[in-house]
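**Q** Predicted model follows, preceded by the sequence.
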Amino acid sequence: MKTLVLSLSLISAAVSAGEPIQPIEVPQIDNPAKVALGKQLFFDPRLSKSGFLSCNSCHNLSLGGVDILPTSIGHNWQEGPINAPTVLNSRYMLAQFWDGRAADLQEQAAGPIANPKEMALKHELALDVLRSIPGYRSAFAGVYGDKSIDLERVTDAIATFEETLVTPDSRFDLWLKGDKQAMTDEELQGYALFKSNGCAACHNGPAAGGTMYQKMGLMQPFVTDNPAQGRVDVTGQEHDRMVFKVPTLRNIELTYPYFHDGSTYDLQQAVVTMQRVQLGRELSDQDAAKITAFLKTLTGTQPAITLPLLPPSVADTPKPAPFAD
């Protein structure tokens, strides 16, 4: 059996060798208790000031890891400044957030909790809420060895859960692994155009993106009234203005609207726009349709999430009053 598995791995590697995109692999879960704790925290609205918002509010796992809004709605109905990127396959990103201001998933997990426009609950208050729940104290003790609950442990658990949120077995992955019937002729033509037109220069790796930063509007200005300015807000360097992390194309047919400003819900229009502003190329309707068809083959198996996540002593604790100040 081990020989067969090894042989299949070698065949898969040989088939995908030289391709700019590699298959998504199922992660190995070494600490299921920590994953379960992170899952509970990811879905728990008690980490927000209102008691209504959770990580899943903006990164909805039933919607491809996004909220399908141009920009997210946070505490007291405040509108966020930028489109929420998908949490799916975020383990493959070189950094987190569009501007890369968080080095990894653990650092990212801390931001929205205390952000006054998002979950709006100061970290110490959020920790006090968790400490007041016996089930959480037991769960943290089971994972970390004692009942202490601090921000490092909370964000570590959330990040560990998010590391599992991958989408393997897309039709494109099956094709990469040797199933030549997994894609249609139109989709294969679209993939050929994707490579020959230069899309793969930025959208590569297992996530088909997320491995670099790039200026939005490289060849022609990208016209938007969105206030986000990209990496310049992190580095203070003018050459980083309108430079953003290249987004993943995995599950792209599910994660509309597109671009950092969420300005279009039409995937084919997004393809046409990217060709124009990033590559200086005008696409025919036929070629745009072929590339779009290829992109839809990148939709993989979505994470299966089952509730309840932890014992009733955690899940059934009353929530704070809505929109309490």
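**A** That came in fine, so what should we check first? Since this is a predicted model, take the numbers as computed values, not measurements.

**Q** give me phi/psi at Asn197?
**A** phi -80, psi -10 (degrees, to the nearest 10).

**Q** so how many other residues sit close to it?
**A** Number of residues near Asn197 (other CB atoms under 10 Å) recorded here: 17. (C-beta placed from N, C-alpha, C; glycine too.)

**Q** Surely it is in contact with Arg281?
**A** Yes - counting by CB atoms under 8 Å, Asn197 does reach Arg281; the two are 6.3 Å apart.

**Q** which residues do these two both contact?
**A** Common neighbours of Asn197 and Arg281, using CB atoms under 8 Å, 6 or more residues apart in numbering, are Gln275.

**Q** Quick check: Leu53 vs Phe43, distance?
**A** Using CB to CB, to the nearest Å, Leu53 is found at 11 Å from Phe43.

**Q** Ok, Pro23 next?
**A** Taken as CB to CB, the span from Pro23 to Phe43 is 29 Å.

**Q** Same check on Gly142?
**A** From Gly142 to Phe43 the distance is 19 Å (CB to CB).

**Q** Neighbour count: the two, which is higher?
**A** The residue with more neighbours, out of Gly142 and Phe43, is Phe43; 19 against 13, by other CB under 10 Å.

**Q** residues in contact with Ser72?
**A** Here Ser72 is in contact with 57-58, 79-80, 83-84, 118 (CB under 8 Å, 6+ apart).

**Q** and if we set it to 10 Å?
**A** When contacts are counted by CB atoms under 10 Å, 6 or more residues apart in numbering, Ser72 is found next to 53, 57-59, 66, 78-84, 112, 117-118, 262.

**Q** swap in Ser284?
**A** 272, 290.

**Q** What of Pro81?
**A** 71-72, 98, 117, 226-229, 260-261.

**Q** a markdown table for those, including secondary structure, distance to Glu152 and pLDDT?
**A** Listed next are those as a markdown table, based on DSSP: H, G, I helix; E, B strand; the rest coil; distance: CB to CB, whole Å; pLDDT from 0 to 100:
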| residue | secondary structure | distance to Glu152 | pLDDT |
| --- | --- | --- | --- |
| Thr71 | coil | 30 | 97 |
| Ser72 | coil | 26 | 97 |
| Trp98 | coil | 25 | 98 |
| Lys117 | coil | 24 | 97 |
| Asn226 | coil | 33 | 97 |
| Pro227 | coil | 32 | 96 |
| Ala228 | coil | 29 | 97 |
| Gln229 | coil | 31 | 97 |
| His260 | coil | 30 | 98 |
| Asp261 | coil | 34 | 98 |
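
**Q** which one of these has the most neighbours?
**A** Trp98 (24 neighbours).

**Q** quick revisit: which of the contacts of Pro81 lies closest to Ile158?
**A** Checking those against Ile158 with CB to CB, the nearest one is Ser72 at 17.4 Å.

**Q** In space, what's closest to Pro23 - neighbours in sequence excluded?
**A** Excluding the flanking residues, the one nearest Pro23 by CB to CB, 6 or more residues apart in numbering is Asp173, at 4.2 Å.

**Q** how deep is the one you found tucked in, by neighbour count?
**A** The burial count for Asp173: 25, using other CB under 10 Å.
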